[in-house]
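Asks: The following block contains a protein sequence and its predicted model.
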Amino acid sequence: MESALNAIFEVLSFGAIIVLVVLGLGIIASMMGIFNFAHGEFVLLGAYTTYLVHGAGLPVWAGMLAAPVVVAACGFVLERLVIRRFYAAPIAAMLGTYALGLVIRESVRGLIGGLYISVPEPIVGSLIIGGVQVSRWRLAIVIITTLVMVGSYLLLTRTSFGLRVRAALENPSLARASGISTNAIYAITFTFGAALAGLAGALVVPVFSLFADLGIRFLIQGFLSVMLGGVGTFEGPVAGGAVIGVMSAALPWAVAPVLADVLVFVLAIVFVKFRPGGLIAGRRF
Amino acid sequence: MDMGSGYRDAAPMISRRRFLQSAVWAGGAITTGIGSWVIRPEWASAAGPIKVGIATDLTGAAGYAGNADANVAKMVVKDINNAGGILGRPVELFIEDTASNESIAVGNVRKLVQRDKVDVVLGGITSSMRNAIKDVIVTRGKTLYIYPQQYEGRECTSYIFCTGPTPAQQCDDLIPWLIKNGGKRFALPSANYVWPHATNEYVRKIIEKNGGEVIFEEYYPPDQVEYSATVNKIMTNNVDVVFNTVIPPGVGPFFKQLYEAGFGKRGGRLSCIYYDEGALAINAAHEIEGLATCLDYFRVLTKEDPVSARIQAEYDREFPGGALFAAGSAATGMYRGLKLWEAAVKEAGKLDRDAVAGALDHAKIAEGPGGPAEMVSGKHHCKMKMYTAVAKEGNYEIVGRSEGLVDPKAC
């Protein structure tokens, strides 16, 4: 029983981590039609910012607050300089963002000397809930992910800004004709997605430690999530992230871990074969 | 083998100077591209220089180790040249980046062998890298190859010499120590590639021979970062010793999850044989308190061994703040390899491959990091002293040392 509860918590917390990483990726993919291959590196930049701020002698949580802001700023600059040239060509956008990601990743690798560096959690230790050891920080990640998810959802569905974002996605020319600057909307959306990636990086770095390839693993799982969940809605990628995260963490409990890794992909591909639009398809809010 | 243990003192402080140095390095690397370096000696001889090629991962995932190896080569070659060179000729150093990428490596190593016509190649960190470049060097290139990393110990090709420890050297003393200071129930969580498979095969034999038992031996994708199922298995099966061959990036989260589950608190013992000083930075010190490892060198030896102290001090003086001089990154194997090769060339009196290989087959050095070393004739591997150490508050403490030089039991 204890073991089962423990399993449920661990699986949930990894699911939350994947959802957190996928959130920004999903918003950019759904709202702008761009697959941001540099998303993993935005996550890495968030982690790196946290490390730098902590290294400068400030508390870790200060780094975690700074990370979304710093990464958002980077995202904004990149969007203005590079990404906006790709809106008409999604394939070129994939390659372009991949190249950006590569530059960021290798720069960070040079800056940290290719090392693995531990960054402490702001909240250490574990709680014992019903006889189960629960890491306080993993619990915090689950809670923060839930809050960020709800916040993003409300922002996109309940505010006039969200309405304009959806309008710019649904019918860009009509949106422009109605006086909405799609140009500005795209910049803000991309910046927002980058900020979410930065936050994700900041929150997960104490769990996984800082290293240059931090983003890559999550990038692949992120894309799988977006594919599984379906592009075009807010809920799709989030649901996909939850499914992929939970599967990745849960399958090793049941089958050989090496098999589990492959099985996640096989199951996702089989699912998409029968439901090409993904879990939540077709409906845009 | 492959480990990407990192290098940094436990406190993640970054000085402005370090930051600027790194930024300049990264900037330079990005704008000019990374490839080859030639380090010419300060003096010349009529016969021309002897050419030493270093093929190592200066960039990419194994960069932490490759840079340490290149630094060691620069240091040793400088010392050799300052002492009058070899056979009256200076040594010229050719360094190629293998970029942690086997397909890039083959092309770059070909440059060393065919264009620069080096007399010997040292390098390679992972076993996959060694396998990728060995044919280029030895078979087609007709050149000697020295592999410096601790690894699974099955390389018996002619003209290849290995100067890092083998599983026998690392485990024969360590496993009995773990049984005595941990318990009999072992778990072998492992990354799914050649080094853990081959190492575990040997480790299982030693565990069973010493009265222990393997509760489970399990393999994970090398980049897996989530280990809750494994941690649960370890906790519910009352495992005493976790003999880990999971590598970074997974090893950090894995040890953290084990700690959070209370493995250390209930008396469990961690062990990981590629863990050196640099790897200690992957986790907070309290998460890996008591971790046991067995290597050919630890920094703490500088307190008792003047030779180690001299080498370590020279390295730290010439390469401050960068990649550490540590056993897990093959830095000690690189030192040993170069010095053994120097001794062999001196004995052979010429650079002819067969003559040098013949001398290298039984070459000896009296001084090296951690102690003397000698090649075991016909075995391609080298005898060396081994030390068992335990992590205490972010540093290693030596708890056991071999009596004399340990046999590699390879080939």
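Replies: Arrived safely.

Asks: which other residues reach the helix or strand where A:Ser152 lies?
Replies: Using DSSP states H and E, A:Ser152 falls within helix A:136-158. Residues from elsewhere that reach helix A:136-158 (Cβ atoms under 8 Å, 6 or more residues apart in numbering or on different chains): A:9-10, A:12-13, A:16-17, A:19-20, A:23, A:27, A:31, A:121-127, A:161-162, A:165-166, A:196, A:199, A:203-204, A:206-207, A:234-235, A:238, A:285. Glycine gets a C-beta too; all of them are placed from N, C-alpha and C.

Asks: Can you flag the buried ones in these?
Replies: A:9-10, A:12-13, A:16-17, A:19-20, A:23, A:27, A:31, A:121-122, A:126, A:162, A:165-166, A:196, A:199, A:203-204, A:206-207, A:234-235, A:238, A:285 (16 or more other Cβ atoms under 10 Å in any protein chain shown).

Asks: ok, and of the residues you listed, which contact chain B?
Replies: Filtering the buried ones among the contacts of helix A:136-158 for proximity to chain B by Cβ under 8 Å from any Cβ of the partner chain leaves A:Glu10, A:Ser126, A:Val207.

Asks: Return the subset of those lying in helices.
Replies: In this view, these that belong to helices under DSSP state H are A:Glu10, A:Val207.

Asks: Of the ones next to chain B among the buried ones among the contacts of helix A:136-158, just say which sits nearest to chain B.
Replies: Nearest to chain B among those, counting by Cβ to the nearest Cβ, is A:Glu10 at 3.3 Å.

Asks: For that closest one, which non-adjacent residue is closest in space?
Replies: Once flanking residues are discounted, A:Glu10 sits nearest to B:Ser228: 3.3 Å by Cβ to Cβ, 6 or more residues apart in numbering or on different chains.

Asks: Next, count neighbours for B:Lys209.
Replies: Number of residues near B:Lys209 (other Cβ atoms under 10 Å in any protein chain shown) recorded here: 11.

Asks: Phi, psi for it please.
Replies: Dihedral pair for B:Lys209: phi -60, psi -30, per degrees, to the nearest 10.

Asks: quick one: contacts for it?
Replies: B:Lys209 sits next to no residue when contact means Cβ under 8 Å, 6+ apart.

Asks: For the residue nearest to A:Glu10, list the residues it contacts.
Replies: Counting by Cβ under 8 Å, 6+ apart, B:Ser228 makes contact with A:Asn6, A:Ala7, A:Glu10, A:Val11, A:Phe14, A:Ala249, A:Pro252, A:Trp253, B:Gln257.

Asks: Ramachandran coordinates for the second one?
Replies: Read it as A:Ala7. phi -60, psi -40.

Asks: Same check on B:Thr245?
Replies: Backbone torsions of B:Thr245, given as degrees, to the nearest 10, read phi -130, psi 20.

Asks: same deal with the one 5 residues further on?
Replies: Backbone torsions for B:Gly250, taken as degrees, to the nearest 10, come to phi -70, psi -30.

Asks: Helices of chain A, residue ranges please.
Replies: Secondary structure of chain A by DSSP H: the helices cover A:2-32, A:39-55, A:60-81, A:90-111, A:136-158, A:160-170, A:172-177, A:182-208, A:214-229, A:235-254, A:257-274.

Asks: give me the low-pLDDT residue ranges for chain A?
Replies: Chain A contains residues with pLDDT under 70 at A:1-2, A:281-285.

Asks: backbone phi and psi for B:Gly328, please?
Replies: With angles defined as degrees, to the nearest 10, B:Gly328 sits at phi -70, psi -20.

Asks: and it, how many neighbours?
Replies: The number of residues near B:Gly328, taken as other Cβ under 10 Å, comes to 29.

Asks: Quick check: the gap between it and B:Phe254.
Replies: According to Cβ to Cβ, to the nearest Å, B:Gly328 and B:Phe254 sit 17 Å apart.

Asks: Same question for B:Val72.
Replies: Applying Cβ to Cβ, the value for B:Val72 to B:Phe254 is 30 Å.

Asks: which one of those two has more residues nearby?
Replies: Neighbours were counted for B:Val72 and for B:Phe254 using other Cβ under 10 Å; B:Val72 has more, 31 against 27.

Asks: Now the more buried one: closest residue in space, sequence neighbours ignored.
Replies: Leaving aside its sequence neighbours, B:Val72 sits nearest to B:Met334 (Cβ to Cβ, 6+ apart; 4.5 Å).

Asks: The one you found reaches B:Leu122, doesn't it?
Replies: Yes. B:Met334 lies in contact with B:Leu122 (Cβ atoms under 8 Å); the separation is 6.3 Å.

Asks: what is in contact with the two at once?
Replies: Both B:Met334 and B:Leu122 are in contact with B:Asp69, B:Ala73, B:Pro148, where contact means Cβ under 8 Å, 6+ apart.

Asks: which ones among these are found in helices?
Replies: Reading helices off those with DSSP H, I get B:Asp69, B:Ala73.

Asks: Could you dump the shared contacts of B:Met334 and B:Leu122 into JSON lines with pLDDT and distance to chain A added?
Replies: What follows is those, written out as JSON lines (pLDDT from 0 to 100; distance: Cβ to the nearest Cβ, whole Å):
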{"residue": "B:Asp69", "pLDDT": "95", "distance to chain A": "13"}
{"residue": "B:Ala73", "pLDDT": "96", "distance to chain A": "18"}
{"residue": "B:Pro148", "pLDDT": "97", "distance to chain A": "18"}
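
Asks: and the angle for the helix holding A:Ser152 with helix A:60-81?
Replies: On the basis of axes from the mean of the first three to the mean of the last three Cα atoms, to 10 degrees, helix A:136-158 is oriented at 40 degrees to helix A:60-81.

Asks: ranges for the helices of chain B?
Replies: Using DSSP H, helices in chain B cover B:16-32, B:63-82, B:102-110, B:127-134, B:167-171, B:174-181, B:194-209, B:228-236, B:251-260, B:306-318, B:331-348, B:353-360.

Asks: Please tell me how far the one residue in the stretch 101-250 of chain B that gets nearest to chain A sits from B:Ser158.
Replies: Closest residue of the stretch 101-250 of chain B to chain A, Cβ to the nearest Cβ: B:Ser228 (3.3 Å). Here B:Ser228 is placed at a distance of 47 Å from B:Ser158 (Cβ to Cβ).
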